[in-house]
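Novice: Compute the structure for the input listed below.
(one chain, ligands or ions: 2)
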Amino acid sequence: MAETVTPYGRNTPLIASLDPLLRTWLPRQRWFAGKGRPVTGFTPVAVTELLPPDGRLGLYHLLLRVHQTGVPGPGDCYQFLIGVREALPPRLAPALIGHVTQGPLAGRTVYEALYDPRPAEVLLEALRTQARIGGLRFERDPRQEIRTDLVARLMTAEQSNSSVVYGDTFILKLLRRVVTGVNPDLELPLALAREGCPRVPAPTAWAYAETGREPYVLAVLQPYVRGGADGWELALRELAKGEDFAAEARELGRATAEVHTALARALPTVTLGHVQLQGLADGMIERLEAAVQAVPGLRPYATGLRQAYAALHRLAAEGDTRTAQRIHGDLHLGQCLRSADGQWSLIDFEGEPARPLAERRLPQPPVRDIAGMLRSFDYAAHSVTPPAPDWARGCRAAYCAGYAEVSGHDPRADAELLRAYETDKAVYEAVYEARHRPDWLPVPLSAIARLAAPDQEARP
Ligand SMILES: Nc1ncnc2c1ncn2[C@@H]1O[C@H](COP(=O)(O)OP(=O)(O)O)[C@@H](O)[C@H]1O
Ligand SMILES: O=P(O)(O)O[C@H]1O[C@H](CO)[C@@H](O[C@H]2O[C@H](CO)[C@@H](O)[C@H](O)[C@H]2O)[C@H](O)[C@H]1O
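Specialist: Ligands and ions are numbered 1, 2, ... in the order given. Model prediction:
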């Protein structure tokens with residue numbers, strides 16, 4: 001494998017030639033977080049040649065800062081895997097980025113290489129052999145074997161990142177918007193593996209880029225949970241059949257408590273005093289105000305929603321304290337996988353992708369994860385017609401009961417904090433849906449209408 005690494009900030013002829021193609025292609029990608037503002041250019045952070053472009057198949061790994069109209073600062077850094085061919089075979093048509101007209105690749109076709117098994121296998125081989133290519137570093141857990149005969153396929157699920165499955169044995173998650181520093185999506189599963197917690201697939205291998213500053217974590221390889229289905233699919237299936245989901249919700253509560261208990265053992269816990277609790281409430285109010293600006297549909301409910309945060313302020317003023325620890329940070333039904341033998345695993349410890357990394361790594365009250373799951377039962381029940389509020393109520397109660405069985409603490413006892421976090425999550429969801437899936441906006445807005453009503457009754 002050849003390599004070239006450009007110093008930060010130099011706009012190479014390669015990037016200049018890809019620039020017009022990526023400007024139109026990038027905003028159409030589900031994982032691009034900067035939708036809604038035109039892309040105006042790119043600055044390369046690192047450009048690594050994984051396969052030379054003069055062969056039948058060329059392959060580049062790019063880390064590019066993306067510049068956008070009206071977005072100040074250096075721009076977010078995204079990870080790209082760009083394939084280069086003379087022409088694309090029909091099976092790769094959906095992967096097309098475009099035809100290059102100038103520069104070193106003039107006359108070639110470039111495409112999203114993860115659609116193509118061969119480039120995806122190059123990544124697996126680099127992980128297997130712990131390769132160092134330019135600034136890219138590939139590492140693995142030496143106790144886990146990576147076979148060489150696994151065929152790659154890109155997952156087509158709607159995702160914030162991109163994942164490739166290798167022969168139903170491993171799944172590689174390639175992070176798209178990358179930041180320097182410790183990434184909780186690797187940090188927490190490694191910590192849980194050290195604790196022997198079986199509820200989270202233990203990382204097999206990982207990749208990062210060294211660019212002269214703190215490394216960027218780029219990808220994590222994990223065992224693939226075979227024959228599994230995620231909690232969201234299962235919940236919708238049961239809802240469609242008019243079936244109860246309470247027994248599964250209870251198991252999910254137990255699994256969440258096991259993960260929380262292991263995380264509290266593995267990583268530091270802290271006590272939040274009244275200043276920190278005030279700070280939590282202030283942060284929620286700030287997010288609400290920003291969300292109201294971004295999503296006009298929230299405006300009529302803002303006053304009602306502030307009540308939830310006022311209750312948290314009162315609790316802080318009364319001198320209450322809470323224990324905080326590392327948590328999942330974006331727990332919902334889609335992050336829970338049930339294996340063929342009925343065991344639940346939790347995945348995707350990245351936290352809410354829109355929040356800064358430092359914030360995502362702070363210890364937080366575990367009830368925040370509970371709130372995420374309670375919202376998720378509600379989401380499922382309100383995304384079907386007619387809505388099924390009783391189904392959601394049953395799941396929410398069973399989930400809390402399962403959590404209490406394992407942890408000894410019933411989250412329903414912490415009603416103010418739980419409601420504040422549910423409100424905060426619903427506000428986040430409104431912004432998320434407005435930005436990524438506008439058709440879904442009515443789902444969080446229906447919850448917001450209930451949470452904003454003084455006698456809201458959707459308690460677990
Ligand atoms: N270990 C695994 N085994 C089987 N499927 C998985 C595994 N990890 C992730 N998945 C599948 O990949 C999807 C995306 O993974 P996730 O970590 O949530 O990525 P993203 O951050 O892009 O949403 C999940 O919804 C799930 O269907
Ligand atoms: O899984 P991600 O880390 O990409 O999380 C983001 O996308 C989720 C949607 O895919 C979003 O979750 C919301 O929709 C789910 C149904 O699709 C629902 O189960 C969740 O409760 C709801 O929050 C998540 O908020 C977002 O961060």
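Novice: Next, give phi and psi for the closest residue to R361 other than its chain neighbours.
Specialist: In this structure, R361 finds its nearest non-sequential neighbour in P184, 5.7 Å apart by Cβ to Cβ, 6 or more residues apart in numbering. Just so you know, the C-beta spots here come from the backbone N, C-alpha and C atoms, and that holds for glycine as well. For P184, the backbone dihedrals (degrees, to the nearest 10) come out as phi -60, psi -20.
Novice: cool, and Q222?
Specialist: Taking degrees, to the nearest 10 as the convention, Q222 sits at phi -130, psi 160.
Novice: What about it, how many residues nearby?
Specialist: A count of nearby residues for Q222, using other Cβ atoms under 10 Å, gives 23.
Novice: ok, and the closest non-adjacent residue to it?
Specialist: For Q222, the spatially nearest residue (Cβ to Cβ, 6+ apart) is P201, at 4.1 Å.
Novice: The residue nearest to R361: what's it in contact with?
Specialist: Going by Cβ atoms under 8 Å, 6 or more residues apart in numbering, P184 touches 326, 329, 349-351, 357, 360-361.
Novice: gap between it and ligand 1?
Specialist: P184 sits 11 Å away from ligand 1, going by Cβ to the nearest ligand atom, to the nearest Å.
Novice: Quickly note the distance from the residue of the stretch 1-150 of the chain found nearest ligand 1 to R177.
Specialist: Closest contact between the stretch 1-150 of the chain and ligand 1, by Cβ to the nearest ligand atom, is at W31 (6.9 Å). Distance from W31 to R177, counting by Cβ to Cβ, to the nearest Å: 8 Å.
Novice: likewise R128?
Specialist: R128 sits 26 Å away from R177, taking Cβ to Cβ as the criterion.
Novice: so is the residue nearest to Q222 in a helix, a strand, or just coil?
Specialist: Under DSSP: H, G, I helix; E, B strand; the rest coil, the three-state class of P201 is coil.
Novice: from memory it sits against I347, does it?
Specialist: Yes. P201 lies in contact with I347 (Cβ atoms under 8 Å); the separation is 6.8 Å.
Novice: which residues do those two both contact?
Specialist: Q222.
Novice: Nearest residue to L218 in space, please, no chain neighbours.
Specialist: A207 (4.5 Å).
Novice: ok, and the most crowded of the contacts of P184?
Specialist: F349 (27 neighbours).
Novice: Let's verify the closest residue to that one other than its chain neighbours: helix, strand, or coil?
Specialist: In space, not counting the residues next to it along the chain, F349 is nearest to L188; the distance is 4.1 Å by Cβ to Cβ, 6+ apart. L188 falls in the helix class when you classify it by three-state DSSP.
Novice: tally of neighbours for L188?
Specialist: By other Cβ under 10 Å, neighbour count at L188 equals 27.
Novice: right, and it touches A262 too?
Specialist: No. At 9.7 Å, L188 and A262 do not qualify as touching, with contact defined as Cβ under 8 Å.
Novice: for ligand 2, what are the nearby residues on the stretch 301-450 of the chain?
Specialist: Residues of the stretch 301-450 of the chain lying near ligand 2 by Cβ under 6 Å from any ligand atom: 330, 332-334, 348, 352-353, 375-376, 379, 429, 432.
Novice: Just the ones of those in helices?
Specialist: Using DSSP state H, 375-376, 379, 429, 432 are the members of those that sit in helices.
Novice: Turn these into a markdown table, columns for pLDDT.
Specialist: Shown next, in a markdown table, are those (pLDDT from 0 to 100):
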| residue | pLDDT |
| --- | --- |
| R375 | 98 |
| S376 | 98 |
| Y379 | 97 |
| E429 | 95 |
| Y432 | 91 |
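Novice: For the stretch 151-300 of the chain, which segments count as strands?
Specialist: Remark: strands assigned in the stretch 151-300 of the chain by DSSP state E, counting those that start in this stretch are 152-154, 162-166, 170-174, 177-178, 205-209, 216-223, 229-230, 270-272.
Novice: Dump those to CSV, plus distance to A246 and mean pLDDT.
Specialist: As requested, the strands of the stretch 151-300 of the chain are exported to CSV (distance: least, Cβ to Cβ, whole Å; pLDDT from 0 to 100):
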stretch, distance to A246, mean pLDDT
strand 152-154, 35, 94
strand 162-166, 30, 97
strand 170-174, 29, 97
strand 177-178, 37, 95
strand 205-209, 37, 97
strand 216-223, 29, 97
strand 229-230, 18, 94
strand 270-272, 32, 97
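Novice: Present those strands as CSV; the columns should include distance to ligand 2.
Specialist: Putting the strands of the stretch 151-300 of the chain into CSV (distance: least, Cβ to the nearest ligand atom, whole Å) gives the following:
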stretch, distance to ligand 2
strand 152-154, 16
strand 162-166, 11
strand 170-174, 10
strand 177-178, 11
strand 205-209, 18
strand 216-223, 14
strand 229-230, 9
strand 270-272, 24
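Novice: So which of those strands is nearest G41?
Specialist: Of all these, it is strand 177-178 that lies closest to G41, at 17.0 Å by Cβ to Cβ.
Novice: what sits up against the closest one?
Specialist: With Cβ under 8 Å, 6+ apart as the test, strand 177-178 has contacts from 31, 33, 63, 76-79, 209, 216-218, 353.
Novice: Narrow those residues to those that are buried.
Specialist: For these, a burial check counting by 16 or more other Cβ atoms under 10 Å picks out 31, 63, 76-79, 209, 216-218, 353.
Novice: Which pair in these has the greatest spatial separation?
Specialist: Greatest spatial distance among the buried ones among the contacts of strand 177-178 (Cβ to Cβ): A209 and P353, at 18.8 Å.
Novice: Show me what from the protein comes close to ligand 1.
Specialist: Near ligand 1, when you scan the chain using Cβ under 6 Å from any ligand atom, you find 155, 157, 159-161, 163, 171, 173, 201, 222, 224-225, 228, 230, 334-335, 337, 347-348, 350.
Novice: Please check those residues and keep the buried ones.
Specialist: Neighbour-count burial (16+ other Cβ under 10 Å) applied to the residues of the chain next to ligand 1 gives 160-161, 163, 171, 173, 201, 222, 224-225, 228, 230, 334-335, 337, 347-348, 350.
Novice: who are the neighbours in contact with T204?
Specialist: 127, 140-141, 144, 146, 170, 221-223.
Novice: Over to it: give its phi and psi.
Specialist: phi -90, psi -40.
Novice: next one: P117
Specialist: The phi and psi values for P117, taken as degrees, to the nearest 10, are phi -60, psi -40.
Novice: I'd assumed Y166 was in contact with it.
Specialist: No. Here P117 does not reach Y166: they are 9.4 Å apart, not a contact under Cβ under 8 Å.
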